[in-house]
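Enquirer: For reference, the sequence and a predicted model appear below.
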Amino acid sequence: MLRFDPIDEAARQWARRWDAAPAMHAVTSLMRVQQLILGRLDGLLRPHGLTFARYEALVLLVFSSRGSLPLGKMGERLQVHPTSVTSIVRRLEADGLVRRVPHPQDGRAILAEISDEGRALVERATADLVGAEFGLGVLDDDSLRNLSELLRPIRSAAGDFTTDE
């Protein structure tokens, strides 16, 4: 463990050469926290045979009213490339957690449909993630809400969603 914050030091060095040190510090901090949390979540999900990406896909199917969604819609909602969705669904299918079935109204589309085993796995994996507070246990609920709201304008500006405000 370092006895100093390397991101603080990088920002100090950055400020001696270039502008936007606060932005550099923030983005570097954000990226490091993303690495830490994703590593923690993947570690919690590994005993279930899942990565966080695969877990998110299963949760999305659990949230759907019929337990199934077209692959294209999954990509939109998960905000990933169609190739990534296809890969995720193939792996989930190989593990018996989802089935790929023809869309009943659109012969060109394929649905991913969660299996009973997939639903049960989501419940077990979610219990572990909730128990670990999604790796964010050092923050209280108010701080978590503030963090989410702080990041919302960045996501909106990037086109993640639109608001009617």
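Expert: Yep, that arrived. Residues are numbered from 1 along each chain as shown.

Enquirer: contacts, neighbours, all on C-alpha from now
Expert: Noted.

Enquirer: Buried residues of the helix or strand where Val101 lies, list them for me.
Expert: In this structure, Val101 sits in strand 98-102 according to DSSP states H and E. Within strand 98-102, the residues that count as buried by 16 or more other CA atoms under 10 Å are 98-100.

Enquirer: how far is that strand from where the chain is centred?
Expert: Strand 98-102 sits 23 Å away from the centroid of its parent chain (CA atoms, centre = their mean, to the nearest Å).

Enquirer: Which residue ranges of this structure form helices?
Expert: Applying DSSP state H to the chain gives helices spanning 6-17, 21-45, 52-63, 71-78, 82-94, 116-131, 141-157.

Enquirer: mind listing what's buried in the fourth one?
Expert: So the one you mean is helix 71-78. In helix 71-78, counting by 16+ other CA under 10 Å, buried: 71-72, 74-75, 78.

Enquirer: cool, the longest one as well?
Expert: Neighbour counts using 16+ other CA under 10 Å place 21, 24-25, 28, 38, 40-42, 44-45 of helix 21-45 among the buried residues.
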